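A.B. asks: Fold the following, please.
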Amino acid sequence: MNRFARGAAVFAAGLMFSLAAAAQEGDGQTGGLQLSDDEPIQIESDKLEVDEEKGIAIFTGNVTVVQGDNLLKSGRMTVYYGEGGALTSGTSNIEKIEMDDKVYMKSKDQVATGDHGTYDMKSQIFVLTGNKVVLSQGENVAEGCKLTANTATGQARLDGCGGKSSGGRVRTLLQPEQRNR
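C.D. replies: Model (predicted):
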């Protein structure tokens, strides 16, 4: 497996867990996702364009990244490489990843959706934005318009939309646990 695929998988899986955990835990701390370096990563798209001179790889059309229970989908994913990095050489040195056109992330029963996502590899900051950013686990749902998550620390912040329909506020619906009596 090349370094790009491994880096993209770790990014996607860690990102999904951080986003979902942000919706479920009051302090925004994550408990950590169990990743396996041995687990295969599959990246599919309708088209892949690589411009090694500019240091970018663009996956377009039904982009899907899968590793185990982790799934990332978008219409377009652009990978920006730093000096010496390239998809075809196997040296990743990824600086930033951008996702556009309906971003969907799922890890087991946790889902995050938005319109645009960016992940900065150096700062390990992920930002998911859109007209409606939705985080859910089962019947528990949090909605806003901008999610900022630090995948290294597990800290996350969900900001409201500022529009009249939501009053600019974050909306959260938490269902009580059903216990057998």
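A.B. asks: C-alpha only now, for contacts and for neighbours.
C.D. replies: OK.
A.B. asks: Surely residue 152 and residue 126 touch.
C.D. replies: No. Applying C-alpha atoms under 8 Å, one finds residue 152 not in contact with residue 126, separated by 10.3 Å.
A.B. asks: which residues touch residue 113?
C.D. replies: Residues in contact with residue 113, defined by C-alpha atoms under 8 Å, 6 or more residues apart in numbering, are 102, 103, 104, 105, 133, 134, 135.
A.B. asks: What score does it have for pLDDT?
C.D. replies: For residue 113, the pLDDT comes out at 94.
A.B. asks: Give me the three-state assignment for the residue lying closest to residue 162 once chain neighbours are set aside.
C.D. replies: Of all residues beyond its chain neighbours, the one nearest residue 162 is residue 168 (3.4 Å), with distances taken as C-alpha to C-alpha, 6 or more residues apart in numbering. Three-state call for residue 168 (DSSP: H, G, I helix; E, B strand; the rest coil): coil.
A.B. asks: Next one: residue 168 relative to residue 107, how far apart?
C.D. replies: Here the distance between residue 168 and residue 107 works out to 28 Å (C-alpha to C-alpha, to the nearest Å).
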